[in-house]
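[1] can you look at this prediction? I've put the sequence above it.
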Amino acid sequence: MNRRGVITSGVAAAAALGGAARAQTLGAPAAGGAKAGSSPFAETLAEMTWQEADAAAKAGASVLWTFGVIEQHGPHLPLGTDVYIPSAALRRTRALLAERGHGAVILPAFYWGVNQVSGAFPGSVEVQPATMVALMTDVLSSLKKQGFARVFCTSGHGDALHNKTIFDGVMAGRQASGVDAAILFNTPLVKRLGLDQANPAVLGFDVQEAPAKFIDVHAGDPETSAMLHEHPELVRKDLLPGLRSTDYGPADLAEWRKGQDAARAKTPLGYFGDPASADAARGAARLEAQAKAMADVILARVAAK
Ligand SMILES: [Zn+2]
């Protein structure tokens, strides 16, 4: 095959890896018995060859990059929950973009995020914001050098400082390399951080959430539902019935957000919400709604340039 042929097949592979490949890889046990979708590299740049990456960049593919953290998620969910869930959302987003004619490449997830709240629990890793900004600057500059012009950065972790740091890293990367990088957060988070929505590096998406009686922000119903859908093999399902809802309100949330020992005292088991009410189908629907909302914003941005 000539060079042009290689590139063409690379583009096809990069664009087609969405729906069909996902259906093959997720849900079906791999040869070794492990679920293929459990790999943090599943459907990312790490599984492509350099020719496929080159072809994707030349074809104008967007880069999707999510920022999670290794953090306690109660007795029932793995420490990598904030990496698994947004990675699944990006795989689905890419499939939706491919269906609508836009190629995207998923970067392996950033998982050494900033973690104030759960720092007092074993297994939670704390990274300084400056470390994260420096690494982001280098990665974004590398992408720009390789010809990827556009990068969308999402988050799997609610910590305010973590998300502010993603924004700072995006701004640093833009300044260092000229890459068109932007955060892509849900609009309530953008507002909570006080970010200027007129800034081209700030993109918000909206997902309708059913009103809840109590606040559910960490390892509760939404995250447990998503994990039951996407990675049921990693959920300690036998523990779920015994996990009582925290039934907390805004004052409890403010206390919990002080972090470290205050968070551990407020939630001794680690979750803030109602994990026992989780439902895989609801997790799937939420993931789909989020992926669709993100794909809409990405396509609008691509069309505007
Ligand atoms: Zn989480």
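    Looks like it arrived, so ask away. Numbering: from 1, shown residues only.
[2] tell me the first helix or strand C-terminal of the lowest-mean-pLDDT helix or strand in the chain.
    Across the helices and strands of the chain, the lowest-confidence element by mean pLDDT, DSSP states H and E is helix 19-25, at a mean of 37. For helix 19-25, the succeeding helix or strand toward the C-terminus, using DSSP states H and E, is helix 50-58.
[3] buried ones in that following helix?
    Applying a neighbour-count criterion of 16 or more other CB atoms under 10 Å, the buried positions in helix 50-58 are 52-57. For the C-beta atoms, the positions are set from N, CA and C on the backbone; glycine is no exception.
[4] mean confidence for that helix?
    In this model, helix 50-58 has a mean pLDDT of 97.
[5] nearest to Val69 among the buried residues of helix 50-58?
    Ala53 (26.3 Å; CB to CB).
[6] how many neighbours does the residue nearest to that closest one when sequence neighbours are not counted have?
    Nearest residue to Ala53 in three dimensions, chain neighbours excluded: Leu45, at 6.1 Å (CB to CB, 6 or more residues apart in numbering). When counting by other CB atoms under 10 Å, one arrives at 20 neighbours for Leu45.
[7] quick one, what contacts Leu45?
    53, 105-108 (CB atoms under 8 Å, 6 or more residues apart in numbering).
[8] which stretches of the stretch 151-300 of the chain form helices?
    160-177, 187-192, 221-230, 250-256, 260-266, 280-304 (DSSP state H, counting those that start in this stretch).
[9] winner for burial among those helices?
    When the helices of the stretch 151-300 of the chain are scored by mean count of other CB atoms under 10 Å, the highest mean neighbour count falls to helix 221-230 (a mean of 25).
[10] that one to helix 280-304, inter-axis angle?
    90 degrees (axes from the mean of the first three to the mean of the last three CA atoms, to 10 degrees).
[11] only alpha carbons, please: show helix 221-230 as CSV.
    C-alpha atoms of helix 221-230 as CSV (Å, rounded to 0.1, in the frame of the first residue of the first chain):
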residue,chain,number,x,y,z
ASP,A,221,-27.0,7.7,42.7
PRO,A,222,-25.6,9.4,39.6
GLU,A,223,-22.0,8.0,39.7
THR,A,224,-23.1,4.5,40.9
SER,A,225,-25.7,4.4,38.2
ALA,A,226,-23.1,5.3,35.5
MET,A,227,-20.7,2.7,36.8
LEU,A,228,-23.4,0.0,37.0
HIS,A,229,-24.1,0.7,33.3
GLU,A,230,-20.5,1.1,32.1
